[in-house]
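Peer 1: show me how the following folds:
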Amino acid sequence: MAEIVYMPKLSDTMTEGVVAIWNKKVGETVKEGEILAEIETDKATMEFESFYSGTLLHIGVETGKAAPVNSILAIIGAPGEDISAMLTSAPTPAFETATVAEAPKLEASSVPNPEPVKAAVQPIAKPAPQAVPTANTSGRVFASPLAKKLADEKGVDIHAIAGTGEGGRIVKRDVDHYTPYTPAEKPIQTAAAGTESWVDEPISQMRKTIARRLAESKFTAPHFYLTLDIDMDNAIASRKALNALEGVKVSFNDMVIKAVAMALKKHPNVNSSWLGDVIRRNQHVHVGVAVAVDEGLLVPVVRFADTKGFTQISAEVRDFAKRAKDKKLQPSDWEGNTFTISNLGMFGIESFTAIVNPPDSCILAVGGIKEVPVLKNGQIVPGNVMKVTLSCDHRVVDGATGAAFLQTFKNFMENPVSMLL
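Peer 2: I've put the predicted structure just below:
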C-alpha cells in the first residue's frame with residue numbers, strides 16, 4: 001500500500017520548506033534509511049531520510065519550490081500502484097502565519113498532521129544545492145582507530161569525511177585525501193559607468209523567517225530601551241589573568257553570558273515570556289547568543305548558563321559558532337531560549353538597539369569596549385567603557401525592573417571575581 005510522505009516541521013518557527021535537491025527520481029526504488037531529498041528550512045538545510053521502502057511514485061514539490069508544512073512531499077508504494085485517490089483526497093494545508101504570542105507554542109508535536117511524518121532529518125554541512133557526501137550525519141562515527149587518530153591530529157571533523165571502506169567506514173585513505181568544503185565566493189558584479197543595473201536575489205527560508213518574526217516582534221511588542229555604561233577595567237584584567245592559564249581561552253562575550261545568567265537568577269521577571277493569556281516566569285536560565293551566518297542570524301542556546309563556568313561557556317559558544325557556519329546545528333541547539341544576547345562589539349560598533357527575539361521579553365545589545373577619559377577619585381584618567389542597551393517588551397518588563405536587572409549585570413561585569421564565588 002502506498003504511503004504519503006509529508007513536508008515535516010523541522011524547527012519551531014518553520015512554516016514552509018524548500019526542496020533543495022531530490023536524490024531520487026519518480027520510478028526509482030527507495031530503501032528505508034536512504035536520503036530522499038535535502039530540504040531548506042528557516043534555520044538550515046537538512047537531509048530527509050525515508051522510513052519507507054518501495055518505489056517513488058510521486059514528487060509533490062519540485063526542486064527549488066516551497067511548500068507548507070504537512071503538504072504532500074512524496075508518495076512511495078508498489079510499482080504501478082494507483083495513487084490518484086490519495087492525491088485528490090489529501091488535504092491541502094495553508095501556509096501558517098505565526099504570531100509573537102504563538103511563537104513558544106510552535107512545537108513539532110503540536111502541529112496537526114493527517115499521518116505521522118515518518119522521516120529522519122540530519123543537518124548537512126554545506127549550503128544547497130551542492131551535494132558533497134558526508135560519512136555520517138547521525139552522530140555515530142564508523143571509522144577505523146587509525147582514521148580517528150589521523151583526523152584528530154589534523155584537526156579535521158571526522159563527521160565531515162566520506163567513508164569509502166566497507167559499509168561506508170572511514171579509513172586512513174579517506175582522511176589523507178579529505179579536502180574541507182569551502183563555499184565558492186560570489187563574483188562581484190559591477191555595472192558600466194552611467195548604466196542602471198541590479199540583481200534580484202531569491203529570499204531564503206531563513207531570511208523570510210527573520211523578516212516575519214522580527215516584524216511581528218517590533219510591531220506587536222511595545223519596545224523600550226535602557227542604556228548603561230560599564231567600567232571594563234577589572235574585566236580586562238580578570239580576562240588576561242584567566243587566559244594566562246594553560247588551556248583557558250575566555251572572551252568578553254563569555255563573561256557577558258555568565259553575568260547575564262547570574263543577573264537573571266536575581267531578577268526572574270526579566271527571564272519571562274509573554275504568552276498572550278499568561279506571562280511565563282522561567283525558573284531556568286537558557287541564554288541565546290546571536291551568531292551571524294551568510295543567510296542571516298541563528299541563535300544557539302547556552303542552557304542553564306548560570307550553572308556553568310567561563311571555560312564551559314566559552315567551549316559551547318565556540319562550538320555553536322563553528323557548527324552554525326557549517327550548517328550543522330540541530331533544532332534542539334536553537335530552541336528554548338529565555339533571554340538573548342546580541343554582541344556587535346567585535347565589529348567596532350559602540351552601541352545599538354536590538355529587536356526582542358520572541359518568546360523572550362528582553363534582548364541585550366552589547367557594544368565594543370572603548371578607551372575614554374573617565375572620572376575616578378576626583379581625577380580624569382584613561383578608562384575602558386562598554387555600552388550595553390537592554391530592549392524590553394513593556395507588556396512583561398517595566399522600566400524599574402529592567403533598570404534593576406542592568407544594575408546587577410553591571411555589578412557582575414565590574415567585579416568579575418564575584419561570578420566565581
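Peer 1: contacts, neighbours, all on C-alpha from now
Peer 2: Fine.
Peer 1: a helix runs through F409, doesn't it?
Peer 2: Yes - counting by DSSP: H, G, I helix; E, B strand; the rest coil, F409 falls inside a helix.
Peer 1: any idea how far it lies from V256?
Peer 2: 8 Å (C-alpha to C-alpha, to the nearest Å).
Peer 1: now swap in V388 and tell me
Peer 2: As judged by C-alpha to C-alpha, V388 and V256 stand 10 Å apart.
Peer 1: who's more crowded, those two?
Peer 2: Neighbour count, other C-alpha atoms under 10 Å: between V388 and V256, V388 has more, with 25 against 22.
Peer 1: on the three-state scheme, the more buried one is what?
Peer 2: strand.
Peer 1: quick one: pLDDT of I369?
Peer 2: For I369, the pLDDT comes out at 94.
Peer 1: let me redo that: P127
Peer 2: Predicted confidence (pLDDT) for P127: 41.
Peer 1: what of G54?
Peer 2: G54 carries a pLDDT value of 90.
Peer 1: show the contacting residues for it.
Peer 2: Counting by C-alpha atoms under 8 Å, 6 or more residues apart in numbering, G54 makes contact with 29-31, 76-79.
Peer 1: please pick the buried ones from those residues.
Peer 2: Buried by 16 or more other C-alpha atoms under 10 Å: 29-31, 76-78, out of the contacts of G54.
Peer 1: which ones among those residues lie within helices?
Peer 2: Among the buried ones among the contacts of G54, no member falls in helices (criterion: DSSP state H).
Peer 1: quick check: of the residues you listed, which lies closest to L245?
Peer 2: K31 (52.7 Å; C-alpha to C-alpha).
Peer 1: so what's the closest one up against?
Peer 2: Contacts of K31 were listed using C-alpha under 8 Å, 6+ apart, and they are 50-54.
Peer 1: retrieve the pLDDT associated with E185.
Peer 2: 53.
Peer 1: and if you look at P358?
Peer 2: For P358, pLDDT reads 86.
Peer 1: tell me the secondary structure at G194.
Peer 2: Secondary structure, three-state DSSP: G194 is coil.
Peer 1: give me every residue that touches it.
Peer 2: Going by C-alpha under 8 Å, 6+ apart, G194 touches no other residue.
Peer 1: any figure for the gap between it and D200?
Peer 2: For G194 relative to D200 (C-alpha to C-alpha), the value is 20 Å.
Peer 1: show me the shaky parts of the stretch 51-200 of the chain.
Peer 2: Regions of the stretch 51-200 of the chain meeting the criterion pLDDT under 70 cover residues 90-141, 159-160, 162-168, 177-191.
Peer 1: without its sequence neighbours, what residue ends up closest to the residue at minimal distance from the centre of the chain?
Peer 2: Against the mean C-alpha coordinate of the chain, by C-alpha atoms, centre = their mean, the closest residue is L298 at 3.4 Å. Nearest residue to L298 in three dimensions, chain neighbours excluded: V291, at 5.3 Å (C-alpha to C-alpha, 6 or more residues apart in numbering).
Peer 1: could you measure from that neighbour over to I355?
Peer 2: Separation of V291 from I355 (C-alpha to C-alpha): 15 Å.
Peer 1: can you map out the helices along the protein?
Peer 2: Using DSSP H, helices in the chain cover 84-89, 145-154, 172-176, 205-220, 233-243, 252-266, 310-325, 399-414.
Peer 1: right, so of these, which gets closest to H286?
Peer 2: helix 252-266 (7.9 Å).
Peer 1: can you give me how far the closest one is from the chain middle?
Peer 2: In this view, helix 252-266 has its centroid 20 Å away from the chain centroid, taken as C-alpha atoms, centre = their mean, to the nearest Å.
Peer 1: will you turn the buried ones among the contacts of G54 into JSON lines that also has distance to S89?
Peer 2: Below are the buried ones among the contacts of G54 laid out as JSON lines (distance: C-alpha to C-alpha, whole Å):
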{"residue": "T29", "distance to S89": "25"}
{"residue": "V30", "distance to S89": "24"}
{"residue": "K31", "distance to S89": "26"}
{"residue": "I76", "distance to S89": "16"}
{"residue": "G77", "distance to S89": "17"}
{"residue": "A78", "distance to S89": "19"}
